[in-house]
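Asker: sequence and predicted structure below; questions after.
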Amino acid sequence: MKFIVEHLSKNSGRLGQLVQQETGKQFKTPLLVQTTKGGSIPYLSREVFDSVTPECQVLQMSLATMDHMKEALGQYKGSGGGLSEYVGYKDYPTILTIRDPCELMPSGSNDKDMVPLFTRRGKETLTPQKYIELVETFKPDIYQGLSDADTNFDSAKKRIQKSVDRTESFMYFCYEQHKQSQMLSKSCLFTPIVGGYNTYNRSQSIKHAKEYGSGKYGGFIFEGFHNYGLTATEVTSEQLVPIMSHCLKELSEEKQQPLMLPGAFTPLVMLELIQLGVDIFDTSYAYCAAVNFKALSFSFKMNGDSVGDCEGGNVPETPFIDVTDECLKEDFRPLLKDCSCVACENHTRAYIHHLYKTSELLGPILLMIHNLHHLMEFFKSIHECISSDTLDNLIKLLRHQGGDKVVEYRIVANTKVISRAGLGKGFADSKS
Ligand SMILES: [Zn+2]
């Protein structure tokens, strides 16, 4: 993959293209990569996903949901399409990450020689050797370097220092292997930058990448700001913008490299990061909202009106419609008035509420369709704002949604969900 910066705005971040060199396919940045679980878009078949977007997408795959595919993939020949063909998305470019951005990564279990990998089958361990072997089997278009990313806003100094030191020692190995491996010759390495919210530690991580990785990596992935899952939605701009500004200053001579921040950051935080110059995000926020019974309803159209309320016409206090809300029982409007997604074109809020009540699998399917559509339209709007250098206006709109209060985008686990085991099976076992 190759990255080209196309437009640098004064106050609105940058526009670029991520280009798949073999096919010439281009993907506009800021880019929303599609988060997958086990190689599939959560809840959606390929046909349904095609109805959300017929355009080729970059898929984000995580080892946490795919490591057990190694043997089958090693044997698989197909028509030469490799990983993306195996999961039914032939020719879609892939980004391989270690963690699943949709799920909470438990703290602890780190060691100087290995990284814990939390899978559905329990905890596995990744040594640098094992990790590179897995990447060689998967042969993704882009993969991240091995990192200890177990830090967040509350991490102690010692834990942060350890995450940096261990990531450095893993990366010596990764850089060396990346250079030598024939099998990785077509894969692009995103070097991990860790160090929690500490400027000294982030600088140290960046310095190491520049000294030992220069010429080997083709981008940066920033981790260690949260523990994935809903914790990413708790990260605020006030926490993240200062430390990311610091990092971007240190990387100022690396401007031609794409920057990725994985995790379910809120739309408002994504915007502020984009303003700083971050290029790649994922769709885990859409998933986290859907499994907590929320339809995204925040407004991003400069002259449009939003509809997150029950009565209609009022300024919404939340950027979501909570489909568990009893007030939707006889609400025969679509989730969003002007939304052109399949869920909104064919179904009412009352029906989707009913699907929740009856634990039907169609419930989360419709919410995923709508939320993905909404987030992708939001990114189109971002592209327009960057080219006209008006991202500030969009940030203002997202922050207040036309009202006086600052809108809360954080996703709180829906307390009506009583069983974690119910997730992944539609709304089954999830009712109060
Ligand atoms: Zn919709």
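Answerer: Yep, it's here.
Asker: distance from the helix or strand containing residue 50 to the middle of the chain?
Answerer: Element membership of residue 50, judged by DSSP states H and E, is helix 46-52. Distance of helix 46-52 from its chain centroid, counting by CA atoms, centre = their mean, to the nearest Å, is 19 Å.
Asker: stretch 84-100 now?
Answerer: 14 Å.
Asker: is residue 192 in a helix, a strand, or coil?
Answerer: strand (DSSP: H, G, I helix; E, B strand; the rest coil).
Asker: and it, bridged to which residues?
Answerer: Note on residue 192: beta-bridge partners by DSSP bridges are residue 221.
Asker: residue 28 belongs to a strand, doesn't it?
Answerer: Yes: counting by three-state DSSP, one finds residue 28 located in a strand.
Asker: do I have it right that it meets residue 17?
Answerer: Yes: taking contacts as CB atoms under 8 Å, residue 28 lies within contact range of residue 17: 6.2 Å. For the C-beta atoms, the positions are set from N, CA and C on the backbone; glycine is no exception.
Asker: what's next to the next helix or strand after the helix holding residue 50, contact-wise?
Answerer: Going down the chain from helix 46-52, the next helix or strand is strand 59-62, by DSSP H and E. Residues outside strand 59-62 that contact it (CB atoms under 8 Å, 6 or more residues apart in numbering) are 33-37, 39, 83-84, 87, 89, 92-101, 138, 140, 262, 282-283.
Asker: out of those, list just those in helices.
Answerer: Assigned to helices by DSSP state H, the following of these qualify: 83, 84, 138.
Asker: just the buried residues of these.
Answerer: Neighbour-count burial (16 or more other CB atoms under 10 Å) applied to these gives 83, 84, 138.
Asker: any idea of the mean pLDDT in the longest helix anywhere in the chain?
Answerer: Counting residues, the longest helix found in the chain (DSSP H) is helix 362-387. Average pLDDT, helix 362-387: 97.
Asker: would that helix count as contacting the ion?
Answerer: Yes: contact of helix 362-387 with the ion (CB under 5 Å from the ion) involves residue 370.
Asker: what mean pLDDT does the next helix or strand after that helix get?
Answerer: Proceeding N to C from helix 362-387, the next assigned helix or strand is helix 391-400, under DSSP H and E. When pLDDT is averaged over helix 391-400, the result is 96.
Asker: and the angle from helix 391-400 to helix 362-387?
Answerer: Counting by axes from the mean of the first three to the mean of the last three CA atoms, to 10 degrees, helix 391-400 lies at 150 degrees to helix 362-387.
Asker: centre of the chain versus helix 391-400, how much separation?
Answerer: From the chain centre to the centre of helix 391-400 is a distance of 21 Å (CA atoms, centre = their mean).
Asker: tell me which residues are up against it.
Answerer: 9, 11-13, 267-268, 271-272, 274-275, 298-300, 302, 381-382, 385, 406-407, 409.
Asker: recalculate using a threshold of 6 Å.
Answerer: 12, 268, 271, 275, 385, 406 (CB atoms under 6 Å, 6 or more residues apart in numbering).
Asker: what parts of the chain come near the ion?
Answerer: Counting by CB under 5 Å from the ion, the chain sits next to the ion at 339, 341, 343, 344, 370.
Asker: which of those tops the neighbour count?
Answerer: residue 370 (28 neighbours; other CB atoms under 10 Å).
Asker: now the closest residue in space to that residue that isn't next to it in sequence: which helix or strand?
Answerer: For residue 370, ignoring the flanking residues on the chain, the nearest one in space by CB to CB, 6 or more residues apart in numbering is residue 343 at 4.3 Å. Assigned by DSSP H and E, residue 343 falls within helix 342-346.
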